[in-house]
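**Student:** Requesting a structural model of the entry that follows:
(chains A and B)
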Amino acid sequence: ETGVTQSPTHLIKTRGQQVTLRCSSQSGHNTVSWYQQALGQGPQFIFQYYREEENGRGNFPPRFSGLQFPNYSSELNVNALELDDSALYLCASSLHRGVGTGANVLTFGAGSRLTVL
Amino acid sequence: GQQVMQIPQYQHVQEGEDFTTYCNSSTTLSNIQWYKQRPGGHPVFLIQLVKSGEVKKQKRLTFQFGEAKKNSSLHITATQTTDVGTYFCAGHIGGSYIPTFGRGTSLIVHP
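**Tutor:** Residues are numbered from 1 along each chain as shown, chains lettered A, B, ... in the order given. Below is the predicted model of the structure:
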């Protein structure tokens, strides 16, 4: 089975620009979550997509937005980039079996490292 | 907000010594997961604990979930250089299926 793939692996942007990060989920998974990991920190939950809809959101401003496509792949868009947005952005896919079926085990991609100058 | 606290932040050990990292929540967790992130890599799932007082072993790694389901630990016996990395706990608060990650404990093993 194929794992989670993310692109691009590295990118450099300047403050105020916009960025789109892409993620292909693992085969058989239907849910995609995005995390931001600053240096020396744990992954911070941005949002999750299930059935092409946002299914939960962390404490991130609206300039962070996303999409999930029918093939379960996903995009993370960040507008009006700020210096503090510099981080590793991790995509994780999982199989969500429905309400009340318990926690999802996450399979992470290698991440997209964003540097904002 | 609700948080999952993890200590210590860093741990240096000599190869062969034991290592333990602790995870604590002020709120009852429905379950807890542990992940390992190698330097320059991404988190990889290790294990999930669900039951109160549960103990699971993977070779030299022992995972425990507290009786009150508010804390957890990971113990590595006789560390090896391959154990180097950051270990994260991720707790599921209440019925949420979205895990809250701790800050992680970075293990440095000196040969």
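**Student:** B:Cys89 and B:Met5 touch, don't they?
**Tutor:** No: contact criterion C-beta atoms under 8 Å: B:Cys89 and B:Met5 do not qualify, at 9.3 Å. Where C-beta positions appear, they are placed from N, C-alpha and C, glycine not excepted.
**Student:** excluding its backbone neighbours, what's nearest the residue in chain A positioned nearest to chain B?
**Tutor:** Closest residue of chain A to chain B, C-beta to the nearest C-beta: A:Gly42 (3.9 Å). Leaving out its chain neighbours, the residue that sits closest to A:Gly42 by C-beta to C-beta, 6 or more residues apart in numbering or on different chains is B:Phe101, at 3.9 Å.
**Student:** what's that neighbour in contact with, if anything?
**Tutor:** Residues near B:Phe101 by C-beta atoms under 8 Å, 6 or more residues apart in numbering or on different chains: A:35, A:42-45, B:4, B:35, B:88-90.
**Student:** so where do the strands sit in the chain?
**Tutor:** Went with chain A since none was named. Secondary structure of chain A by DSSP state E: the strands cover A:5-7, A:10-13, A:19-24, A:31-37, A:44-50, A:53-57, A:64-68, A:74-78, A:87-94, A:107-108, A:112-116.
**Student:** To clarify, I was referring to chain B.
**Tutor:** All strands of chain B, identified by DSSP E, fall at B:4-7, B:10-14, B:19-25, B:29-37, B:44-49, B:55-58, B:61-65, B:71-76, B:85-93, B:100-101, B:105-110.
**Student:** Give the buried residues for stretch B:67-79.
**Tutor:** B:69-74, B:76, B:79 (16 or more other C-beta atoms under 10 Å in any protein chain shown).
**Student:** what residues does chain B put near chain A?
**Tutor:** Proximity of chain B to chain A, by C-beta under 8 Å from any C-beta of the partner chain, involves residues B:1, B:6, B:30-31, B:33, B:35, B:41-45, B:48, B:50, B:88, B:90, B:92, B:95-104.
**Student:** Find the nearest non-adjacent residue to the most centrally placed residue in chain B, please.
**Tutor:** Nearest to the mean C-alpha position of chain B, by C-alpha atoms, centre = their mean, lies B:Cys89 at 4.2 Å. Once flanking residues are discounted, B:Cys89 sits nearest to B:Cys23: 3.5 Å by C-beta to C-beta, 6+ apart.
**Student:** Does the helix or strand of chain A with the lowest mean pLDDT reach chain B?
**Tutor:** Least confident helix or strand, chain A: strand A:53-57 with a mean of 90, by mean pLDDT, DSSP states H and E. Yes: using C-beta under 8 Å from any C-beta, we find that strand A:53-57 touches chain B at A:Gly56.
**Student:** What strands flank that strand, and is each parallel or antiparallel?
**Tutor:** strand A:44-50 (antiparallel) (DSSP bridges).
**Student:** show me where pLDDT drops low in chain A?
**Tutor:** A:1, A:97-103 (pLDDT under 70).
**Student:** So for chain A, the centremost residue is which one?
**Tutor:** Geometric middle of chain A (C-alpha atoms, centre = their mean) lands on A:Trp34, at 2.4 Å.
**Student:** OK, contacts around it?
**Tutor:** Neighbours of A:Trp34 in contact, by C-beta under 8 Å, 6+ apart: A:23, A:45-48, A:66, A:74, A:76, A:89-92.
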